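Undergrad: Structure for this input, please:
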Amino acid sequence: MAPSVSSNILVLLCILLTIIFAESHHQQQKLTLTHTLSTSHFTSTHHLLKSTSARSTARHRRLRPRSATQVSLPLSPGSDYTLSFSLGADPPQTLSVYMDTGSDLVWFPCSPFQCILCDGKYPPGAAAATLNVSASTRVPCQSRACSATHSADSSSDLCAIAGCPLDSIEMSDCFRFSCPPFYYAYGDGSLVAGLHHNSLTMATGSGEPLIMHNFTFGCAHSALAEPVGVAGFGRGELSLPAQLANLSPELGNQFSYCLVTHSFDSTKIRQPSPLILGRASPSGPTNKVIYTPILDNPKYPYFYTVGLEAIYVGSLRIPAPKSLSRVDRYGNGGVVVDSGTTFTMLPSKLFNSVVSELDHRVGRFYKRATDMEEKTGLSPCYYCSNAATDDMVMVVPTLSLQFAGTGNGSSPGVVLPKRNYFYEFLDGGDGLGKGKRVGCLMVMNGGDEGEDGGGPGATLGNYQQQGFEVVYDLERRRIGFAKRRCASLWDNIDHR
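TA: From the prediction side, this is the model:
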């Protein structure tokens, strides 16, 4: 059958809108990432560290489900960085959601919203904001987006569930029937959401807003332990980068973020971290970016998984387990690069080897602070005062990550600044005497491989990503790391 004149006009209009969109935006757009620490209030440093380490452990365990019936989507109310979006235009509604590279869906809490077991899980200083939506924005059952959220069902099945008559199903004429609600489950939380589409607006650093028409998102009216929406940046066709790539490949096929170093000091993050959509200019210093290939995971395709070959503690190379350098056909192994987990989690054997070498270097000069280890959930910790040397920076060895393809066996690969893995703070004491200076390793024991039913072997947390531009090159299927002064990127992104 020959296409109608109206359908040809529609196709031409879509092409024209795409061209206009591409020409009206730069190669890059900068968005604002806000750290929840800027509004946090904790009674002590060890209280803050204990809370953060507990969240990191819980999120890592959600990456590794205990049974095959669980859906491993690591959305956590403890994620650290938020983005603000506006939806609709009459009037626009603005909500802040967590930015998460470990999931592939954008969803918002919608009015009326009921959240079970959500007390204490809202971001510090944040109100329980919800979105008002109209039935007219529901996504039809006969759509690719609906099939994507109900991955086990065909569009015909979904339209039958939605109540579309058989003759309409056979004629592919069910566009008046909405996509059925879907269930989204995590390790310790869940939600039921409907699928909607509307205009989504993002404020950018250039002052020109980035508008995505007919953006598809989940609208949850009920949730369990998940009170805040999520902007999924993972690998999936409904993630924000994927939807942006359909409209503008120049912006959607690569994104990066550069997390401003904070060391849990809220005064250091008054300027937000830049989230950069789009590719850097070809004339920029791309040789400064260390890239490693993205590994496909058949069971968890939305994760950004990479291979880890070794960790260097000083000059000592500690080989990583073979399981961390590859992913098997069951989805086990590899390292997930995650924006929502704070501390890096390593399998027990590798973690213990790193700690043994660190303790050999540091324990000769500094006494173990076992009481602080219990209070913070971190280990090892050391008292920094009354030591044989006052220069702890010289005693703590360097820590480097050799990802697949980033070294030749003798090159350390990605060298972490000491503040990214060893944190010194002043314990306030008991009020009767002067507090003691303490230093702790900010990498955690993720447990034995396989004890939680398999899944990713390790997680690279956002605390270790501070001070690096982390580049997600989706077109070339690789992730890159480059040391940057993140706050300065607001001024010179377009001149790199």
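Undergrad: which helices and strands sit right next to the host helix or strand of residue 440?
TA: Using DSSP states H and E, residue 440 maps to strand 437-441. Judged by 3 or more C-beta pairs under 8 Å, 6 or more residues apart in numbering; DSSP states H and E, the packing partners of strand 437-441 are helix 370-376, strand 381-383, strand 422-426. Glycine gets a C-beta too; all of them are placed from N, C-alpha and C.
Undergrad: Tell me what angle that strand forms with strand 422-426.
TA: Angle, strand 437-441 to strand 422-426, by axes from the mean of the first three to the mean of the last three C-alpha atoms, to 10 degrees: 160 degrees.
Undergrad: chain center to strand 437-441, what's the gap?
TA: Centre-to-centre, strand 437-441 and its host chain are 27 Å apart (C-alpha atoms, centre = their mean, to the nearest Å).
Undergrad: again, but for stretch 139-147
TA: Distance, stretch centre to chain centre, for stretch 139-147: 26 Å (C-alpha atoms, centre = their mean).
Undergrad: Contacts for that stretch next, please.
TA: 153-155, 158-159, 161-162, 164, 172, 174-180, 195-197, 216, 237-238 (C-beta atoms under 8 Å, 6 or more residues apart in numbering).
Undergrad: Now do the end-to-end distance for it.
TA: Taking C-alpha to C-alpha, to the nearest Å, stretch 139-147 runs 11 Å from one end to the other.
Undergrad: For residue 292, identify the helix or strand it belongs to.
TA: Using DSSP H and E, residue 292 falls in strand 290-293.
Undergrad: can you pull the contacts of residue 466?
TA: Going by C-beta under 8 Å, 6+ apart, residue 466 touches 259-262, 417, 419-420, 486.
Undergrad: Now do it against residue 195, distance only.
TA: Applying C-beta to C-beta, to the nearest Å, the value for residue 466 to residue 195 is 35 Å.
Undergrad: Quick one: the helices in the stretch 301-450 of the chain, in order.
TA: For the stretch 301-450 of the chain, the helices defined by DSSP state H, counting those that start in this stretch occupy 348-362, 370-376, 392-395.
Undergrad: For residue 412, the count of nearby residues, please.
TA: Under the neighbour criterion other C-beta atoms under 10 Å, residue 412 is assigned a count of 19.
Undergrad: actually residue 210, not the one I wrote
TA: Around residue 210 there are 20 residues (other C-beta under 10 Å).
Undergrad: Look at the spatially closest residue to it that is not a sequence neighbour and say how many residues are nearby.
TA: Distances taken as C-beta to C-beta, 6 or more residues apart in numbering place residue 202 nearest to residue 210, at 4.5 Å, with adjacent residues excluded. If you count neighbours by other C-beta under 10 Å, residue 202 ends up with 20.
Undergrad: Then the one 10 residues further on?
TA: Look at residue 212: counted by other C-beta under 10 Å, it has 22 neighbours.
Undergrad: That one and residue 248 touch, don't they?
TA: No. If you go by C-beta atoms under 8 Å, residue 212 and residue 248 don't touch, sitting 9.1 Å apart.
Undergrad: and stretch 100-117, how far from the chain's centre?
TA: For stretch 100-117 - counting by C-alpha atoms, centre = their mean - the centre lies 15 Å from the chain centre.
Undergrad: just to revisit the earlier point, what average pLDDT does the strand holding residue 440 get?
TA: For strand 437-441, mean pLDDT is 92.
Undergrad: Outside of it itself, list whatever touches it.
TA: Counting by C-beta under 8 Å, 6+ apart, 49, 355, 358, 366, 369, 372-373, 376, 378-385, 392, 396, 421-427 sit against strand 437-441.
Undergrad: That one versus helix 348-362: what angle between them?
TA: Strand 437-441 runs at 140 degrees relative to helix 348-362, counting by the same axes, to 10 degrees.
Undergrad: Tell me the strands beside strand 437-441, with direction?
TA: Sheet pairing for strand 437-441, assigned by DSSP bridges, gives strand 381-383 (antiparallel), strand 422-426 (antiparallel).
Undergrad: For the stretch 251-400 of the chain, which segments count as strands?
TA: Assigned by DSSP state E, counting those that start in this stretch, the stretch 251-400 of the chain shows strands spanning 254-258, 273-277, 290-293, 305-306, 308-313, 316-319, 335-337, 344-346, 381-383, 399-403.
Undergrad: ok so, going back, using TSV, lay out the helices and strands packed on strand 437-441 together with mean pLDDT.
TA: Shown next, in TSV, are the helices and strands packed on strand 437-441 (pLDDT from 0 to 100):
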stretch	mean pLDDT
helix 370-376	92
strand 381-383	93
strand 422-426	90
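Undergrad: ranking the ones you listed by burial, who's on top?
TA: strand 381-383 (a mean of 23; mean count of other C-beta atoms under 10 Å).
Undergrad: one step back: the helices of the stretch 301-450 of the chain: which one's closest to residue 481?
TA: Among the helices of the stretch 301-450 of the chain, the nearest to residue 481 by C-beta to C-beta is helix 348-362 (19.0 Å).
Undergrad: Sort out which residues of the closest one are buried, please.
TA: Going by neighbour count (16 or more other C-beta atoms under 10 Å), the buried part of helix 348-362 is 350-351, 353-355, 357-359, 362.
Undergrad: With stretch 247-265 instead?
TA: By 16+ other C-beta under 10 Å, the buried positions in stretch 247-265 come out as 247-262, 264.
Undergrad: Span of it from start to end?
TA: Using C-alpha to C-alpha, first and last residues of stretch 247-265 are 39 Å apart.
Undergrad: Now for residue 219: which residues touch it?
TA: Taking C-beta under 8 Å, 6+ apart as the test, what residue 219 contacts is 107-108, 110, 131, 133, 193-196.
Undergrad: Which residue comes closest to it once chain neighbours are left out?
TA: Leaving aside its sequence neighbours, residue 219 sits nearest to residue 110 (C-beta to C-beta, 6+ apart; 4.1 Å).
Undergrad: So which of the contacts of stretch 139-147 belong to helices?
TA: Among those, the ones falling in helices (DSSP state H) are 155, 158-159, 161-162.
Undergrad: ok, of those, which come out buried?
TA: 155, 158-159, 162.
Undergrad: okay, those residues in TSV with pLDDT and distance to residue 206 next?
TA: Formatted as TSV, these follow (pLDDT from 0 to 100; distance: C-beta to C-beta, whole Å):
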residue	pLDDT	distance to residue 206
155	91	39
158	95	40
159	95	42
162	96	41
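Undergrad: from these, which two are the most distant?
TA: 155 and 162, at 10.1 Å, using C-beta to C-beta across those.
Undergrad: May I have stretch 104-116 exported as PDB, CA atoms only?
TA: C-alpha atoms of stretch 104-116 as PDB (Å, rounded to 0.1, in the frame of the first residue of the first chain):
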ATOM      1  CA  ASP A 104      17.000   2.600  32.800                       C
ATOM      2  CA  LEU A 105      13.700   4.400  33.600                       C
ATOM      3  CA  VAL A 106      12.700   7.900  34.500                       C
ATOM      4  CA  TRP A 107       9.900   7.900  37.000                       C
ATOM      5  CA  PHE A 108       8.200  10.400  39.300                       C
ATOM      6  CA  PRO A 109       5.900  10.100  42.400                       C
ATOM      7  CA  CYS A 110       2.400  11.300  41.200                       C
ATOM      8  CA  SER A 111      -0.600  12.600  43.000                       C
ATOM      9  CA  PRO A 112      -2.200  11.000  44.900                       C
ATOM     10  CA  PHE A 113       0.900   9.200  46.100                       C
ATOM     11  CA  GLN A 114       1.100   6.700  48.900                       C
ATOM     12  CA  CYS A 115       4.500   5.500  50.100                       C
ATOM     13  CA  ILE A 116       4.700   2.700  52.500                       C
END
